[in-house]
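Undergrad: Need the 3D shape of this:
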Amino acid sequence: MEKKNILVLCTGNSCRSQIAEAYLRYFAKDKAHIFSAGIETHGVNPRAIATMLEDGIDISHHTSNNVNEYMHIPFDFVITVCDNANEHCPYFPSLGQKFHYNFPDPAKAIGTEAEIAAQFKAVREQIKEYCKNFVKTQLH
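TA: I've put the predicted structure just below:
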């Protein structure tokens with residue numbers, strides 16, 4: 001089976017898309033090339049790195065990329081993980097199937113450090129489940 005190209009798109013490519021990229025890579029193994037990007041770049045969120053480490057996945061080496069860097073890649077799937085990216089997603093001439101799920105933004109969480117960490121973990125678990133199901137249903 002030919003490897004699929006998957007792009008995960010978010011506003012700043014700092015949190016939700018980074019988590020989704022990592023889980024898609026984890027669940028898809030060698031079935032796909034996974035990329036993530038933002039319509040802006042905000043750097044990888046340190047709390048996203050920490051919450052992924054809690055689940056045994058190191059994303060500290062990830063980079064925050066702008067979607068324009070990937071315009072030359074023929075994507076089979078584009079997954080937007082926030083409404084802002086879905087509404088402002090650039091046109092991809094080779095666009096395969098588009099998927100959208102508006103995950104809450106844990107970077108906007110407020111409260112104590114423990115409450116913010118709990119928000120990150122909750123969103124991480126939602127994204128993990130989504131990615132597991134995506135791989136199961138789309139990459140067979």
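Undergrad: Could I get the buried residue list for the lowest-mean-pLDDT helix or strand in the chain?
TA: The weakest-scoring helix or strand in the chain, judged by mean pLDDT, DSSP states H and E, is helix 83-88 (a mean of 78). For helix 83-88, burial by neighbour count (16 or more other Cβ atoms under 10 Å) applies to 84-86. Every residue, glycine included, has its C-beta placed from N, CA and C.
Undergrad: Dump those residues to JSON lines, plus distance to Tyr101.
TA: As requested, those are arranged in JSON lines below (distance: Cβ to Cβ, whole Å):
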{"residue": "Asn84", "distance to Tyr101": "13"}
{"residue": "Ala85", "distance to Tyr101": "11"}
{"residue": "Asn86", "distance to Tyr101": "9"}
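Undergrad: Which of those residues sits closest to Ile116?
TA: Asn84 (20.8 Å; Cβ to Cβ).
Undergrad: Check the buried residues of helix 83-88 against Arg124 and report the nearest one.
TA: Ala85 (18.3 Å).
Undergrad: For that closest one, list the residues it contacts.
TA: 9-11, 17, 38-39 (Cβ atoms under 8 Å, 6 or more residues apart in numbering).
Undergrad: can we see that at 6 Å?
TA: 9-11, 39 (Cβ atoms under 6 Å, 6 or more residues apart in numbering).
Undergrad: likewise Lys132?
TA: Contacts of Lys132 by Cβ under 6 Å, 6+ apart are Phe27.
Undergrad: and it, how far is that from Thr80?
TA: 18 Å (Cβ to Cβ, to the nearest Å).
Undergrad: what's the answer for Lys108, then?
TA: 17 Å.
Undergrad: and what of Ala20?
TA: In terms of Cβ to Cβ, Ala20 sits 10 Å off from Thr80.
Undergrad: Sounds good, over and out.
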